[in-house]
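Q: quick one, fold the following:
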Amino acid sequence: MSSADAVARETAWLTSFDPTDGLPALLATDGGPFDIVQGYLPRTPVQRRCQLYVMRRRLQEVRTAHVRRMARHQFELRIIWPASSPTGAAETPQQALDSAIELVLQRIGGLMLDKTHGGRFLSVAEDPPDVSVDFADPEPSMRDRADLTCVVSYSADDVEING
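A: Modelled structure (predicted):
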């Protein structure tokens, strides 16, 4: 593990699915709401698909006593959600996005008594102990026939390194 593969590790956690662990699937192929869950934003995102992109907004190296180091990652999940619905109702895609966000929050919360995302990190969303979701105003999306968007932010502490 290194700080360079943090996005890949978090993406692996978000796309993993075990029907016996009680956590929701995020990928549509496993029954989840997202057609795409991948690390990093592509140059040209696909159109009219439910998408989740994992990005790292900040990397901080925390040092203790000049010999212990720990990487702290600030993750950002950028979500792009189609604003159109088969019925034409504007409320339907907004509610569907809210439902998808709930599944993302459950996945970030992780397994009971294990906040390491399956051993990929020392802890996730524990220091600071919060996850924030910032929704873009849906009105321009409806007017311009664009996608709904939101950003989910949280931190993850990496395994400490001595040396």
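Q: and the residue lying closest to R120 once chain neighbours are set aside, what is it in contact with?
A: Spatial nearest neighbour of R120, excluding adjacent residues (CB to CB, 6 or more residues apart in numbering): R9 at 4.3 Å. C-beta: built from backbone N, CA, C; applies to glycine. When contacts are counted by CB atoms under 8 Å, 6 or more residues apart in numbering, R9 touches 1, 117, 120-121.
Q: one more time with 10 Å
A: 1-2, 39, 54, 73, 117-121, 156, 158 (CB atoms under 10 Å, 6 or more residues apart in numbering).
Q: D127 now?
A: 62, 72, 155-157.
Q: could you rerun that using 8 Å?
A: Shown in contact with D127 (CB under 8 Å, 6+ apart): 72, 155, 157.
Q: ok, now how distant is L77 from C150?
A: 9 Å (CB to CB, to the nearest Å).
Q: those two: which has the busier surroundings?
A: A direct count of neighbours by other CB atoms under 10 Å for L77 and C150 places L77 higher, at 24 against 19.
Q: assumed V46 was part of a helix.
A: No. Under DSSP: H, G, I helix; E, B strand; the rest coil, V46 sits outside any helix and is assigned coil.
Q: okay, L113: pLDDT?
A: As predicted, L113 sits at a pLDDT of 86.
Q: the residue nearest the centre of the chain sits in which helix or strand?
A: Residue closest to the average C-alpha location in the chain (CA atoms, centre = their mean): L77, at 3.9 Å. For L77, the host element (DSSP states H and E) is strand 68-81.
Q: how far is that strand from where the chain is centred?
A: Here strand 68-81 is found 8 Å from its chain centre; the criterion is CA atoms, centre = their mean, to the nearest Å.
Q: which elements pack onto that strand?
A: Counting contacts by 3 or more CB pairs under 8 Å, 6 or more residues apart in numbering; DSSP states H and E, strand 68-81 packs against helix 6-15, strand 51-64, helix 91-109, strand 148-157, strand 161-162.
Q: out of these, which is closest to P33?
A: Checking these against P33 by CB to CB gives helix 91-109 as the closest, at 4.0 Å.
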